[in-house]
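> got a sequence here, can you model it:
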Amino acid sequence: MNLMDSEKAILKDPQITKFSLYGFFKNLKFFEPYLLVYLISNGLTLFQVGLLQAVMEGTVYLLEIPTGLIADHYGRKKALIASFFFYIASFALFFAGRSFYLFAAAMVFFGIGEAFRSGTHKAMIYRYLDIREWASFKTLVYGRTRSFSLLGTALSSVAAIALALHLPALRVIFLAAVVPYLADILLILSYPGNLDEERTPDKPPLSFFSFSGEVFKTLGQHKSLRRVITNSALFDSVFKTVKDYIQPITLAYLALPVAWSFVLDKEAGEKVILGLLYAAFALFGALASRYVHRLVPRFGVAGLADRYALITSFLFFAITLFLRLDFFFPVVLFYLFLNILKDSRRPLLVQAIGDLAQKEGRATVLSVESQLKSLMTILFAPLFGLLAQTVSIPFAFLILGGIMALLSFALKIQET
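Here you go, the predicted structure:
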């Protein structure tokens with residue numbers, strides 16, 4: 001069987017299809033295009049929004065390694081199912097929320113869900129590829145599953161427009177997100193049992209302290225793995241910090257009378273435009289994620305990832321410039337490029353981490369990466385929110401772009 005036939009066989013495999021559908025349902029978060037706007041409409045400042053993000057990431061930071069340990073040693077399916085129940089509890093609190101403290105509680109539950117989920121599903125994909133002897137196709141498979149996730153985001157953003165326009169209140173949109181998450185629980189229950197880590201009587205589960213000690217010892221000795229994890233965490237944390245600021249940027253432009261020369265209902269128009277923006281970001285990101293593996297033979301995983309990081313830094317500086325000049329459309333275009341780079345870079349970093357990490361500890365190593373990402377976001381999100389509130393959003397982009405440029409040069413990835 002040649003390479004092309006192998007790729008076709010893999011993409012038609014029923015379990016690979018289930019992996020893809022998992023991501024599709026998981027990303028049907030109808031509230032996402034309006035979350036920051038929703039929080040601000042309930043009286044929160046940009047700094048408080050940054051604090052909420054720090055609360056969520058702090059929860060992930062504290063629970064990442066324990067939940068990764070549970071996933072590796074007590075059952076990944078159970079860990080994933082638990083994560084979706086915590087997500088649903090979070091949605092209920094967002095629906096009921098009227099104050100910073102209720103929203104903070106919602107972020108805690110969302111963070112618990114993230115801690116149980118992150119790294120676990122990717123480790124199940126790795127295990128399935130190992131079982132089928134398809135380990136060399138990591139980028140293809142992960143790019144495929146991620147593209148379905150982003151298609152889910154795109155569909156979610158379009159559906160969010162209809163929901164936001166027809167629901168009695170915007171907060172009800174959080175309850176709508178419960179339905180696809182229940183579907184994901186049923187899907188996970190159908191996964192084969194051999195995707196859980198096998199345990200034997202002569203290999204009992206390690207304690208949290210001994211297991212996490214071994215992981216950090218491995219990271220300390222493995223410079224290449226440590227560099228890849230830190231690089232990946234930096235890139236993702238910066239993007240998570242800034243991704244939803246397109247909402248106040250867009251609404252600031254839409255506040256200008258010229259923006260509504262062709263629309264009668266300003267409030268409805270804002271919801272439509274935000275939903276379409278998020279749908280466009282997701283669609284282009286899905287295409288980038290799906291086909292990035294074709295660039296690997298030419299540039300290599302490390303070469304592509306480092307190029308993407310450098311381009312991202314320049315995009316931050318460009319956003320700063322055009323925000324200062326009050327040019328809205330270039331900023332939207334740069335945000336689109338940011339999403340494309342983020343969604344095509346992630347499969348590259350997942351392959352690099354998967355190649356370097358030992359099979360039996362992949363979920364925990366990926367959890368360590370996620371934990372580091374959470375720690376960086378805990379620092380960046382309130383800082384960005386404070387700078388955006390007290391100085392300006394362009395200044396916040398300038399500072400964060402400079403930080404990323406410096407660290408990107410210091411954390412170049414070595415080819416595996």
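
> so which residues of the stretch 251-400 of the chain form helices?
All helices of the stretch 251-400 of the chain, identified by DSSP state H, counting those that start in this stretch, fall at 266-291, 296-299, 301-324, 328-356, 362-390, 393-410.

> now the ones you listed in CSV, with mean pLDDT, distance to Ser118 and mean neighbour count?
All C-beta atoms are positioned from the backbone trio N, CA, C, and that covers glycine. Formatted as CSV, these follow (pLDDT from 0 to 100; distance: least, Cβ to Cβ, whole Å; neighbours: other Cβ atoms under 10 Å):
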stretch, mean pLDDT, distance to Ser118, mean neighbour count
helix 266-291, 82, 18, 20
helix 296-299, 72, 24, 11
helix 301-324, 83, 19, 19
helix 328-356, 81, 12, 21
helix 362-390, 82, 4, 23
helix 393-410, 84, 22, 18
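
> what about the stretch 51-200 of the chain, any weak spots by pLDDT?
72, 197-200 (pLDDT under 70).

> and the helices in it, which stretches?
Under DSSP H, counting those that start in this stretch, the stretch 51-200 of the chain gives helices at 76-96, 100-117, 120-131, 138-166, 173-176, 178-189.

> helices or strands up against the shortest one?
Spelled out, it's helix 173-176. helix 76-96, helix 138-166 (3 or more Cβ pairs under 8 Å, 6 or more residues apart in numbering; DSSP states H and E).

> if we go to 10 Å?
Packing contacts for helix 173-176, counted by 3 or more Cβ pairs under 10 Å, 6 or more residues apart in numbering; DSSP states H and E, involve helix 35-41, helix 76-96, helix 138-166.

> how about the fourth one?
Counting contacts by 3+ Cβ pairs under 10 Å, 6+ apart, helix 138-166 packs against helix 3-11, helix 14-26, helix 120-131, helix 173-176, helix 178-189, helix 266-291, helix 296-299, helix 328-356.

> in it, which residues are buried?
138-161, 163-164 (16 or more other Cβ atoms under 10 Å).

> and the last one, by the same measure?
Residues of helix 178-189 classed as buried under the neighbour-count rule (16+ other Cβ under 10 Å) are Val178, Pro180, Tyr181, Ala183, Asp184, Ile185, Leu187, Ile188.

> turn the residues you listed into a markdown table, including distance to Ser374.
Shown next, in a markdown table, are the buried residues of helix 178-189 (distance: Cβ to Cβ, whole Å):
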| residue | distance to Ser374 |
| --- | --- |
| Val178 | 25 |
| Pro180 | 25 |
| Tyr181 | 21 |
| Ala183 | 27 |
| Asp184 | 22 |
| Ile185 | 24 |
| Leu187 | 26 |
| Ile188 | 23 |
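
> which of those residues lies closest to Ser20?
Leu187 (10.5 Å; Cβ to Cβ).

> what's the spacing between that closest one and Ala159?
Counting by Cβ to Cβ, to the nearest Å, the gap from Leu187 to Ala159 is 19 Å.

> Ser237 too?
28 Å.

> same deal with Met56?
24 Å.

> then Gly275?
8 Å.

> check Asn231 and give its pLDDT.
In this model, Asn231 is scored at 78, pLDDT.

> hmm, I was thinking of Pro257
So Pro257 comes in at 54 (pLDDT).

> of all the helices of the stretch 251-400 of the chain, which lies closest to Tyr101?
Among the helices of the stretch 251-400 of the chain, if distance is taken as Cβ to Cβ, the winner is helix 362-390, at 16.6 Å.

> which other helices and strands contact that closest one?
Short answer (3+ Cβ pairs under 10 Å, 6+ apart): helix 362-390 packs on helix 46-74, helix 100-117, helix 120-131, helix 208-221, helix 223-242, helix 328-356, helix 393-410.

> return the distance of that helix from the chain's centre.
12 Å (Cα atoms, centre = their mean, to the nearest Å).

> now swap in stretch 27-47 and tell me
Per Cα atoms, centre = their mean, the centroid offset for stretch 27-47 relative to its chain is 16 Å.

> in it, which residues are buried?
Here stretch 27-47 shows 27-40, 42, 44-47 as buried, counting by 16+ other Cβ under 10 Å.

> output that stretch as CSV, nothing but the C-alphas.
Provided in CSV are the C-alpha atoms of stretch 27-47 (Å, rounded to 0.1, in the frame of the first residue of the first chain):
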residue,chain,number,x,y,z
ASN,A,27,-16.5,23.0,19.8
LEU,A,28,-20.2,23.7,19.5
LYS,A,29,-19.9,26.5,22.1
PHE,A,30,-22.5,28.8,20.8
PHE,A,31,-21.7,31.5,23.3
GLU,A,32,-18.0,32.0,22.2
PRO,A,33,-18.5,34.9,19.7
TYR,A,34,-20.2,36.9,22.5
LEU,A,35,-18.6,35.8,25.7
LEU,A,36,-16.5,38.9,26.3
VAL,A,37,-19.3,41.2,25.2
TYR,A,38,-21.7,39.3,27.5
LEU,A,39,-19.3,39.7,30.5
ILE,A,40,-18.9,43.4,29.8
SER,A,41,-22.6,43.9,29.5
ASN,A,42,-22.9,42.5,33.0
GLY,A,43,-20.7,45.3,34.4
LEU,A,44,-17.3,43.7,34.3
THR,A,45,-14.2,45.6,33.3
LEU,A,46,-11.5,44.4,30.9
PHE,A,47,-9.2,43.8,33.9
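
> what mean pLDDT does that stretch get?
Per-residue pLDDT values over stretch 27-47 give a mean of 92.

> distance of the closest residue to Ser149 other than its chain neighbours from Ile125?
Spatial nearest neighbour of Ser149, excluding adjacent residues (Cβ to Cβ, 6 or more residues apart in numbering): Gly23 at 3.3 Å. Distance of Gly23 to Ile125, computed by Cβ to Cβ: 10 Å.

> over to Pro347?
Distance from Pro347 to Ile125, by Cβ to Cβ: 11 Å.
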